[in-house]
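In: Coordinates only, no sequence provided:
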Ligand SMILES: NC(=O)c1ccc[n+]([C@@H]2O[C@H](COP(=O)([O-])OP(=O)(O)OC[C@H]3O[C@@H](n4cnc5c(N)ncnc54)[C@H](OP(=O)(O)O)[C@@H]3O)[C@@H](O)[C@H]2O)c1
């Protein structure tokens, strides 16, 4: 296995484990103080990854918002805001989505070979399109990003993506924010789907921090040896 970036999975969930509502309206799980914390974490990473489903549904810009943090990155010789990365099988992404349209940073689309050619035609002006092969794994994406210089990767969902990073065992840290509300509708997307997770009854993840932030709670778990060695010892 090649090297891969230190990878943080970040998300907000309801008390019943959902990432969003089942309705057309996007569910706000977090609060302003936590959005600011997420902004800080973004600013500390080299790249932010989301699934194509999140690009389509949430249309996120994925930028560092704070002027001070952007300036601090530039002072360190970094782009104002981290690179953006997405993964798609169909390649069906809108070149005018905020993912592509905003931010003076690199944008990468990992696309299955089947749809690589049409995706390149559609998106080549707005992003680097990478042929991810017949089947894309998060391990392979991580290794390729490492080869491109990404040393710290933040993964912001959605559930399909989190599931794969967790079941493949290629995440170092989980930062999950629990919001004080229920969704109560099993049609809504969950934090993770079915799968064989390395953390189970016989192998529990290591809690490294529990922090109330207004009415939500941040839980941080170390998922790898290197997370336990670095973050675990400083938390
Ligand atoms: N609460 C939070 O923190 C948070 C954060 C992010 C998102 N969300 C929510 O999560 C929901 C979206 O989650 P989701 O699970 O439906 O979507 P997702 O994980 O964002 O994206 C799934 C899509 O990514 C592509 N993909 C994933 N794995 C792939 C692989 N191995 N190879 C090729 N393509 C792959 C496919 O795209 P194609 O369909 O293009 O082939 C797939 O349909 C939304 O409701 C959003 O609001 C919540």
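Out: Perfect, I can see it now. On a predicted model such as this, the values are computed, not experimentally measured, just so you know.
In: Any residues of this protein in contact with the ligand? List them.
Out: Contact residues (C-beta under 6 Å from any ligand atom) of the chain with the ligand: 11-12, 19-20, 26, 29, 50-54, 57-58, 87-90, 92, 112, 136, 156-161, 164, 189. Placement of C-beta: from N, CA and C, glycine included.
In: Filter these down to just the ones in strands.
Out: In this view, the residues of the chain next to the ligand that belong to strands under DSSP state E are 11, 12, 50, 51, 87, 88.
In: Between which two of those residues is the distance greatest?
Out: Greatest spatial distance among these (C-beta to C-beta): 12 and 88, at 23.2 Å.
In: about what we covered before: selecting buried members of the residues of the chain next to the ligand in ChimeraX, what would you type?
Out: To isolate the buried members of the residues of the chain next to the ligand in ChimeraX, using 16 or more other C-beta atoms under 10 Å:
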select :11,12,19,20,29,50,51,52,53,54,58,87,88,112,136,156,157,158,159,161,164,189
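In: Beta-bridge partners for the one residue sitting closest to the centre of the chain, please?
Out: A centroid search over the chain (C-alpha atoms, centre = their mean) returns residue 155, at 1.7 Å, as the residue closest to the centre. Counting by DSSP bridges, residue 155 is bridged to residue 9, residue 49.
In: And for the residue lying closest to residue 100 once chain neighbours are set aside, the neighbour number?
Out: Leaving aside its sequence neighbours, residue 100 sits nearest to residue 126 (C-beta to C-beta, 6 or more residues apart in numbering; 3.9 Å). Residue 126 is flanked by 17 other residues according to other C-beta atoms under 10 Å.
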